[in-house]
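Visitor: got a structure for you, letters missing:
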């Protein structure tokens, strides 16, 4: 009987501890906001204040070079019977500015296909300064017959890009992967390239 009473008492204590932990976790958000507002550590808390007539000024992005404008031209090439094109042909951006362009693709065949895009840049020196944060070229895609897709390319141009570069062309070649892709060339025993080896 004493063992059962001890178990009931232990369950009661654990329930109190669990309720206390839940209450503490629930109270953390307002406590955190109050501490941040008092100390001024978190500037995001300033945006939550409802001060009549006051506007909160966020610091400007100092990484954007507004003194320069670069024209980004978009190109699309397809190796196969499908439609592939950018939604816009060009865009003007400042170095350091985040930009997005959409590419449109449609599988016009009557069968499923898998494909991938390979990017290229002109001038070549721009490739080291063209940073893509999101791009359909990172993965292969499978599209059903007649399926349409729109994919974003989110990018930023490094401000360290030479000031001589005024225009960059981003070109994608979209090709089918799988059975219809020709094998890569390989070297024979003498070191000569053999095109279509293994086919």
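Guide: Arrived safely. This is a predicted model, so every value here is computed, not measured.
Visitor: got a list of what the closest residue to residue 115 other than its chain neighbours touches?
Guide: Spatial nearest neighbour of residue 115, excluding adjacent residues (C-beta to C-beta, 6 or more residues apart in numbering): residue 176 at 5.0 Å. Heads up, the C-betas are built off the backbone N, CA and C, glycines and all. For residue 176, the contacting residues are 79, 80, 113, 114, 115, by C-beta atoms under 8 Å, 6 or more residues apart in numbering.
Visitor: Next, give phi and psi for the residue positioned nearest the centre of the chain.
Guide: Centroid-nearest residue in the chain: residue 134, 2.7 Å away (criterion: C-alpha atoms, centre = their mean). Residue 134 has phi and psi values of phi -150, psi 130 when expressed as degrees, to the nearest 10.
Visitor: That one pairs with what?
Guide: Using DSSP bridges, the bridge partners assigned to residue 134 are residue 154.
Visitor: Over to residue 174?
Guide: Judged by DSSP bridges, the bridge partners of residue 174 are residue 78, residue 117.
Visitor: contacting residues for it?
Guide: Taking C-beta under 8 Å, 6+ apart, we find residue 174 in contact with 76, 77, 78, 79, 80, 82, 84, 105, 115, 116, 117.
Visitor: And for residue 125?
Guide: By C-beta under 8 Å, 6+ apart, the contact set of residue 125 is 162, 165.
Visitor: where does it land in three-state SS?
Guide: helix (DSSP: H, G, I helix; E, B strand; the rest coil).
Visitor: got it, and residue 9?
Guide: Assigned with three-state DSSP, residue 9 falls in the helix class.
Visitor: and it, how many residues sit next to it?
Guide: Neighbourhood size, residue 9 [other C-beta atoms under 10 Å]: 10.
Visitor: just residue 141 next, same as before
Guide: Neighbours of residue 141 under the rule other C-beta under 10 Å: 17.
Visitor: what residues are up against it?
Guide: Contacts for residue 141 were tallied using C-beta under 8 Å, 6+ apart; they are 114, 115, 116, 149.
Visitor: Where does pLDDT dip in the protein?
Guide: Low-confidence segments of the chain (pLDDT under 70): 1, 26, 28, 32, 35-62, 179-199.
Visitor: And it, what are its domain boundaries?
Guide: The chain is divided into the following domains under automatic domain parsing: 2-48, 70-176.
Visitor: Report the buried members of the contacts of residue 141.
Guide: Among those, those classed as buried by 16 or more other C-beta atoms under 10 Å are 115, 116.
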